[in-house]
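Visitor: Dropping a prediction and its sequence here:
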Amino acid sequence: MTGKTKPITLDRATLYCGDSRKVLPLLEPEQFTACVCDPPYHLTQASRKGSPRTNDPKTPFGRTHLGSKGFMGKTWDGGDVAFRPEFWAEVLRVLKPGAMLLAFGGTRTFHRLTCAIEDAGFEIRDCLMWLYGNGFPKSLDISKAMIKGQKMELAQRWDGWGSSLKPAWEPIVLAMKPLDGTFAQNSHRHGVAGLNIDDSRIGVGKGGRRDGEKTAQKRYADRGSTNFAPTPGPRGGDAKGRWSANLLLDEEAGAMLDKQSGERSGCGSHSSAKPKSKFRPGQGEYMPQGPIYPDTGGASRFFYCAKANKRDRTCDGQIENNHPTVKPRSLMEYLCRLVTPPVGGVILDPFMGSGSTGIGALSTGSRFVGIELEPESFETARQRIEIVSQPHEASHA
């Protein structure tokens with residue numbers, strides 16, 4: 001391995017400062033149990049006139065090649081690396097059969113991201129929605145643009161018109177490398193298969209609720225019960241918590257949702273319900289449905305709510321994190337836990353940025369391999385990951 005791509009090795013983490021397109025071919029095949037990443041969204045246009053058609057068959061859907069700069073003028077968001085099937089084919093090569101891929105995308109361009117991932121050989125399993133409340137509109141004021149162009153009469157007519165909506169969510173593509181046999185056979189042969197549902201249920205487990213919110217077990221205990229154990233049944237709840245959903249919230253979005261839904265009680269006993277028929281197959285009489293989740297609260301309790309953390313911007317108070325698209329570490333920890341086996345997990349991030357995926361991976365007890373092109377972001381990631389990579393910080397020895 002050349003000096004330029006020689007990795008930095010930390011406890012349970014290996015970090016490369018370089019181009020993923022050059023580093024990935026150097027890695028051994030079928031070594032990772034998951035890939036969790038936040039690729040460039042490539043929010044660019046071919047020109048001020050949009051993306052005209054072209055006769056070049058090599059460009060996606062016949063459109064002209066994207067520009068060299070993207071979000072906030074950053075060069076790392078330019079180009080089209082995340083839209084290239086050949087790139088994701090390299091990611092596919094280094095993943096174990098049955099391994100999951102989670103990749104964030106932009107609302108304007110995630111269709112190309114998804115198509116490239118699928119064309120590379122992955123199976124698209126789902127699309128998660130990361131809903132947040134702190135987005136800010138990046139919109140052109142059409143009226144002001146007209147005033148600037150000395151079109152005063154038209155400006156009044158277009159007062160209040162803009163060019164964009166306020167961003168409030170990001171899609172996360174969930175894909176899987178094809179199985180080697182069935183899910184059961186794949187788990188036996190390769191130690192990876194499916195999603196870690198029980199460790200990612202809502203209401204229990206590390207990071208499974210908003211700060212200050214009582215778990216369903218605690219709320220139930222406060223009402224006089226010593227054991228949160230919903231009665232089993234076709235609609236009964238699980239004492240481990242609610243099933244993970246493909247909608248994720250941040251604290252602000254959760255608060256907004258709760259304000260709209262108001263305080264609501266969970267489903268209780270159906271013992272007073274009148275059956276349409278007394279006959280029940282195999283038993284001959286109606287049996288009342290037991291309690292489901294006897295908790296109260298807003299609608300956000302049905303979904304995972306990532307906790308805001310100021311340390312994400314200050315690198316645990318030690319250095320400033322200037323990356324423009326940093327994700328909450330609690331969100332990345334939740335995603336890493338969802339797609340990674342509790343033992344023997346090795347997570348890849350070919351777009352490491354400031355290292356939030358690495359922090360999430362190490363916090364779940366997995367090992368981590370990250371690749372980052374920009375030296376400044378790489379150094380931020382190295383320092384952040386080095387803090388949590390120490391043996392005493394690990395969730396699992």
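Guide: That came through fine. Just so it is clear, the model here is predicted, and its values are computed rather than measured.
Visitor: helix or strand for residue 171, which one?
Guide: strand 169-176 (DSSP states H and E).
Visitor: Parallel or antiparallel, list what pairs with that strand.
Guide: Using DSSP bridges, the strands paired with strand 169-176 are strand 95-104 (antiparallel), strand 123-131 (antiparallel).
Visitor: hey, which of the ones you listed is tucked in deepest?
Guide: Most buried of the strands paired with strand 169-176 by mean neighbour count (mean count of other CB atoms under 10 Å) is strand 95-104; its value is a mean of 24. Glycine gets a C-beta too; all of them are placed from N, C-alpha and C.
Visitor: mean confidence for the very next helix or strand once past that one?
Guide: For strand 95-104, the following helix or strand on the C-terminal side (DSSP H and E) is helix 110-119. Averaging pLDDT along helix 110-119 gives 96.
Visitor: Quick one: the strands paired with strand 169-176 as TSV, columns for distance to residue 375 and mean pLDDT too.
Guide: TSV is the format used below for those (distance: least, CB to CB, whole Å; pLDDT from 0 to 100):
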stretch	distance to residue 375	mean pLDDT
strand 95-104	22	98
strand 123-131	28	95
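Visitor: and residue 157, which of these is closest to it?
Guide: Checking the strands paired with strand 169-176 against residue 157 by CB to CB gives strand 123-131 as the closest, at 34.8 Å.
Visitor: Residue 79 contacts residue 40, doesn't it?
Guide: Yes: counting by CB atoms under 8 Å, residue 79 does reach residue 40; the two are 7.4 Å apart.
Visitor: Same drill for the two, tell me which one is more crowded.
Guide: A count of neighbours by other CB atoms under 10 Å puts residue 40 above the other of residue 79 and residue 40, at 27 against 18.
Visitor: tell me which element the more buried one is part of?
Guide: Using DSSP H and E, residue 40 falls outside every helix and strand.
Visitor: Backbone dihedrals for it, please?
Guide: Phi and psi for residue 40, reported as degrees, to the nearest 10, are phi -60, psi 140.
Visitor: How about the contacts made by residue 253?
Guide: Neighbouring residues of residue 253 by CB atoms under 8 Å, 6 or more residues apart in numbering: 131, 132, 133, 168, 300, 305.
Visitor: For residue 135, which non-adjacent residue is closest in space?
Guide: Setting aside the residues directly before and after it, residue 135 is nearest to residue 167 in space (CB to CB, 6 or more residues apart in numbering), at 4.0 Å.
Visitor: Report the rounded mean pLDDT for stretch 369-388.
Guide: 93.
Visitor: for that stretch, which positions count as buried?
Guide: 369-374, 377-378, 380-388 (16 or more other CB atoms under 10 Å).
Visitor: Only alpha carbons, please: show it as PDB.
Guide: Extracted in PDB, the C-alpha atoms of stretch 369-388 (Å, rounded to 0.1, in the frame of the first residue of the first chain):
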ATOM      1  CA  VAL A 369     -13.000   1.400   8.600                       C
ATOM      2  CA  GLY A 370     -13.400   4.900   7.300                       C
ATOM      3  CA  ILE A 371     -12.200   6.700   4.100                       C
ATOM      4  CA  GLU A 372     -12.200  10.500   3.700                       C
ATOM      5  CA  LEU A 373     -10.800  12.600   0.900                       C
ATOM      6  CA  GLU A 374     -10.600  16.000   2.500                       C
ATOM      7  CA  PRO A 375      -7.600  16.400   4.900                       C
ATOM      8  CA  GLU A 376      -9.400  18.800   7.200                       C
ATOM      9  CA  SER A 377     -12.400  16.600   7.700                       C
ATOM     10  CA  PHE A 378     -10.200  13.500   8.000                       C
ATOM     11  CA  GLU A 379      -8.300  15.200  10.900                       C
ATOM     12  CA  THR A 380     -11.500  16.100  12.600                       C
ATOM     13  CA  ALA A 381     -12.700  12.500  12.200                       C
ATOM     14  CA  ARG A 382      -9.500  11.100  13.500                       C
ATOM     15  CA  GLN A 383      -9.600  13.100  16.700                       C
ATOM     16  CA  ARG A 384     -13.300  12.400  17.300                       C
ATOM     17  CA  ILE A 385     -12.900   8.700  16.700                       C
ATOM     18  CA  GLU A 386      -9.700   8.500  18.700                       C
ATOM     19  CA  ILE A 387     -11.600   9.700  21.800                       C
ATOM     20  CA  VAL A 388     -14.200   6.900  21.700                       C
END
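Visitor: Could you check the pLDDT of the closest residue to residue 90 other than its chain neighbours?
Guide: Excluding its sequence neighbours, the residue lying closest to residue 90 (CB to CB, 6+ apart) is residue 24, at 4.2 Å. Confidence at residue 24, expressed as pLDDT, is 98.
Visitor: Now that residue 24 has come up, it's in contact with residue 92, right?
Guide: No: under the criterion of CB under 8 Å, residue 24 makes no contact with residue 92, lying 10.2 Å away.
Visitor: out of these two, which sits in the busier spot?
Guide: residue 92 (22 against 18).
Visitor: residues touching the more buried one, list them.
Guide: Contact partners of residue 92, counting by CB under 8 Å, 6+ apart, are 120, 121, 122, 177.
Visitor: In this structure the last one contacts residue 96, no?
Guide: Yes: proximity of residue 177 to residue 96 meets the contact threshold set by CB under 8 Å, at 7.1 Å.
Visitor: So for those two, which residues contact both of them?
Guide: Counting by CB under 8 Å, 6+ apart, no residue touches both residue 177 and residue 96.
Visitor: returning to what we had before: any quick ChimeraX command for the buried ones out of the contacts of residue 253?
Guide: Buried residues within these, by 16+ other CB under 10 Å, are selected in ChimeraX with:
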select :131,132,168,300,305
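Visitor: would you list the contacts of residue 253 in JSON lines and tack on distance to residue 35?
Guide: As requested, the contacts of residue 253 are exported to JSON lines (distance: CB to CB, whole Å):
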{"residue": "131", "distance to residue 35": "23"}
{"residue": "132", "distance to residue 35": "23"}
{"residue": "133", "distance to residue 35": "28"}
{"residue": "168", "distance to residue 35": "26"}
{"residue": "300", "distance to residue 35": "29"}
{"residue": "305", "distance to residue 35": "25"}
